[in-house]
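> sequence unavailable; structure follows:
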C-alpha cells in the first residue's frame, strides 16, 4: 500500500514539473522582424501593437501629432518603433528597437531590426536571443538578396521558428498566384539553409490584413492571422533539458552568526535539469562534488530546470568563482583554450590576426587573441570566400581564437546559450564581435 502511494506521489510530482516547464515555455516569446528596406517591418509591428490595443493613450496621442498622414485621419504606425530622430526624418530604421506587449495568452518582446546591408550587425544582435523570426517579403519584389541574407543569418543563429510574411498584398490585387510563387521561391531558400518550422502568411501591414484579425480579402488563404500564430507557436522543444549547464553568477557567503557556514552558488540554469543528490563537475577546474541543496526564491526545492534562476549548494567546500560552470558529471562540455567560431564583426576598426580582446561566454571573461581567419562567409550565397587579411564591419568570418585560460563551451547548434560568446575591446569595453562557436 505504501509503495502504491509513493508511486502516485512521484507521478504527481512529475506532472507538476511538466506543467511548470510548460508554463515557463509559454510565458514569453521573443521574436525579431527582418526584411529589406521599406518592406514594412516597423509598420507591421506598429499595426500589431495598435490593433491589439497595446499602446498607451499618451504615446498614441504623441504619435498622432507627428504622423505624416494625420490630414487623412491615419497615423504613421512606423513611428511607434522608429524612436530615433534620424529614423523619423529619413523614414528608415537604424537601430534595433525593442517593444513589449502582451495578450491574455502570452507576453512578447519584439526586436525591430534595420533592413540596410550596413546594419547587418544590428540584426545579429537582435536575433541572437530570439525564438522566432518574422521575415517580410514585399509581394511586388518577391525573394530578393536581403531576404536571403536575413534568412541565412536566421539559420546561422539557429532560430527555431520562422514566419514568412508576404506584405503589401494590396498592391498586387491580393493575387494568390503572386503569393504562391513567392512561397515556392522561398521554400528553395529554406531547404538550402535547413530551416524547418516555417509558416507563410499573406498580409497588408498598412491596412491590417491578417495581422490581428483574418481579412475577407483573401478567400483563398485558409491559415491563421499573425497574432494567433505568435500566441500559439510551440516552444516546448526549444529548451534543452538534456544537457545540464549552470554558469555561476555570484558566490553567496553572508558570514553572519545565523548563516555562518552558508555557501551558495547563484546563477541561471541555462539548460538541463539539476536535482539534489546529482553528481556534478565544476569546470574548467574539473573538480567533482554532489548537489546537497537547491534554492529557488528563498525556498528549498528538489530540483531546478532551465530557464530557472536558482542557488546550488554543494556537499564539498571547494573553490568556485564567478564564471565557473557546474555541469553533470556524466555530461561534460568541451574545455579548451582554443576555439573555432563564426564571427560577425561589429566594429568600424577592422579585425586582424593577432588582435587581442576580452572574450565573454555567459559570466566567464578571459583574455583572447585572434589566431587565424580561415575564410569569409558570403551571406548572400553561403559560399566560403578566400581568407581575408582582415575582417571589416558586418563581415562574417570563420576564426580561430586562443584564450589565456581554458573555457567550458558547447557548439552553438547544440546549446545556443553556451555556444555564443562576444569579443570586447580591452580599452573601450565596447562589444566588437559576436561569436557562434562551432
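Nice, thanks for sending it over. For clarity, every value in this text was computed on a predicted model and none was experimentally measured.

> for residue 142, what are phi and psi?
Main-chain dihedrals, residue 142, degrees, to the nearest 10: phi 70, psi -160.

> tell me, how many residues neighbour it?
Residue 142 has 14 neighbours, counted by other CB atoms under 10 Å. Yep, even glycine has a C-beta here, placed from its N, CA and C like the rest.

> over to residue 256?
8.

> what's the answer for residue 102, then?
By other CB under 10 Å, the residues close to residue 102 number 13.

> domain-wise, how is the protein divided?
Per automatic domain parsing, the domain ranges recorded for the chain read 23-232, 245-328, 334-437.

> make a markdown table from the ones you listed and add mean pLDDT and distance to residue 239 to it.
Compiled in a markdown table, the domains of the chain are given as follows (pLDDT from 0 to 100; distance: least, CB to CB, whole Å):
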| stretch | mean pLDDT | distance to residue 239 |
| --- | --- | --- |
| domain 23-232 | 79 | 6 |
| domain 245-328 | 93 | 5 |
| domain 334-437 | 91 | 10 |
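
> can you put these in CSV and add distance to residue 238?
Putting the domains of the chain into CSV (distance: least, CB to CB, whole Å) gives the following:
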stretch, distance to residue 238
domain 23-232, 5
domain 245-328, 10
domain 334-437, 9
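
> okay, the residue nearest the centre of the chain and residue 414: tell me how far apart.
Compute the mean C-alpha point of the chain, and by CA atoms, centre = their mean the closest residue is residue 129, 1.7 Å away. Separation of residue 129 from residue 414 (CB to CB, to the nearest Å): 17 Å.

> the helices in the stretch 51-200 of the chain, which residues?
For the stretch 51-200 of the chain, the helices defined by DSSP state H, counting those that start in this stretch occupy 57-66, 85-90, 120-127, 145-156, 176-193.

> other SSEs contacting the helix or strand where residue 401 lies?
Per DSSP states H and E, residue 401 falls inside strand 396-409. Packing partners of strand 396-409 (3 or more CB pairs under 8 Å, 6 or more residues apart in numbering; DSSP states H and E): strand 334-345, strand 356-361, strand 364-377, helix 416-419, strand 431-437.

> need those in TSV (columns: distance to residue 170 and mean neighbour count).
Formatted as TSV, those follow (distance: least, CB to CB, whole Å; neighbours: other CB atoms under 10 Å):
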stretch	distance to residue 170	mean neighbour count
strand 334-345	36	19
strand 356-361	46	19
strand 364-377	37	18
helix 416-419	37	22
strand 431-437	37	22
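
> nearest to residue 386, of those?
Comparing the helices and strands packed on strand 396-409 against residue 386 with CB to CB, the closest turns out to be strand 364-377 (6.8 Å).

> just checking: what are the partner strands of the closest one?
Within its sheet, and counting by DSSP bridges, strand 364-377 is paired with strand 356-361 (antiparallel), strand 384-385 (antiparallel), strand 396-409 (antiparallel).

> out of those strands, which is closest to residue 178?
strand 396-409 (31.9 Å).

> in the closest one, what counts as buried?
By neighbour count with 16 or more other CB atoms under 10 Å, strand 396-409 contains the buried residues 396-399, 401, 403, 406-409.

> tell me the one of those nearest residue 42?
residue 396 (25.1 Å).

> what about that closest one, distance to residue 196?
From residue 396 to residue 196 the distance is 22 Å (CB to CB).

> now do residue 393
On the measure of CB to CB, residue 393 and residue 196 end up 31 Å apart.

> the more surrounded of the two?
residue 393 (17 against 9).

> residue 312: helix or strand, and which one exactly?
Using DSSP H and E, residue 312 maps to strand 309-314.

> run through who's touching that strand.
By CB atoms under 8 Å, 6 or more residues apart in numbering, the residues outside strand 309-314 that reach it are 246, 252, 263-269, 274, 280, 282, 289-296, 301, 304, 320, 326.

> which of the residues you listed count as buried?
Among the contacts of strand 309-314, the ones that count as buried by 16+ other CB under 10 Å are 246, 263-269, 274, 280, 282, 289, 291, 294-295, 304, 320, 326.

> let's see which of these end up in strands.
Within those, membership in strands is found for 246, 264-268, 274, 280, 282, 289, 291, 294-295, 304, 326, as judged by DSSP state E.

> now the two most distant members of the residues you listed.
Counting by CB to CB, the most remote pair of these is 268 and 289, 19.5 Å apart.

> in TSV: the strands paired with strand 364-377, plus distance to residue 34.
Shown next, in TSV, are those (distance: least, CB to CB, whole Å):
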stretch	distance to residue 34
strand 356-361	25
strand 384-385	23
strand 396-409	15
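
> what's the burial count for the residue nearest to residue 141 when sequence neighbours are not counted?
Take residue 141 and drop its neighbours on the chain: the residue closest to it by CB to CB, 6 or more residues apart in numbering is residue 36, 7.7 Å away. Residues near residue 36, counting by other CB under 10 Å, number 21.

> and residue 36, how close does it get to residue 205?
From residue 36 to residue 205 the distance is 14 Å (CB to CB).

> need the buried residues of strand 396-409 in a markdown table (columns: distance to residue 158).
A markdown table is the format used below for those (distance: CB to CB, whole Å):
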| residue | distance to residue 158 |
| --- | --- |
| 396 | 14 |
| 397 | 18 |
| 398 | 16 |
| 399 | 19 |
| 401 | 20 |
| 403 | 23 |
| 406 | 25 |
| 407 | 20 |
| 408 | 19 |
| 409 | 15 |
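
> can you pick out the most distant pair from the residues you listed?
396 and 406 (26.0 Å).

> buried sites along stretch 327-336?
Quick answer for stretch 327-336 (16+ other CB under 10 Å): 327-328, 333, 335.

> mind listing what residue 363 touches?
Contacts for residue 363 (CB under 8 Å, 6+ apart) come out as 247-249, 267, 322-323.

> follow-up on the earlier one: now tabulate the buried residues of stretch 327-336 in a markdown table and tack on distance to residue 43.
What follows is these, written out as a markdown table (distance: CB to CB, whole Å):
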| residue | distance to residue 43 |
| --- | --- |
| 327 | 45 |
| 328 | 47 |
| 333 | 43 |
| 335 | 48 |
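
> over to residue 43: give its phi and psi.
The phi/psi pair for residue 43 (degrees, to the nearest 10) reads phi -60, psi -40.
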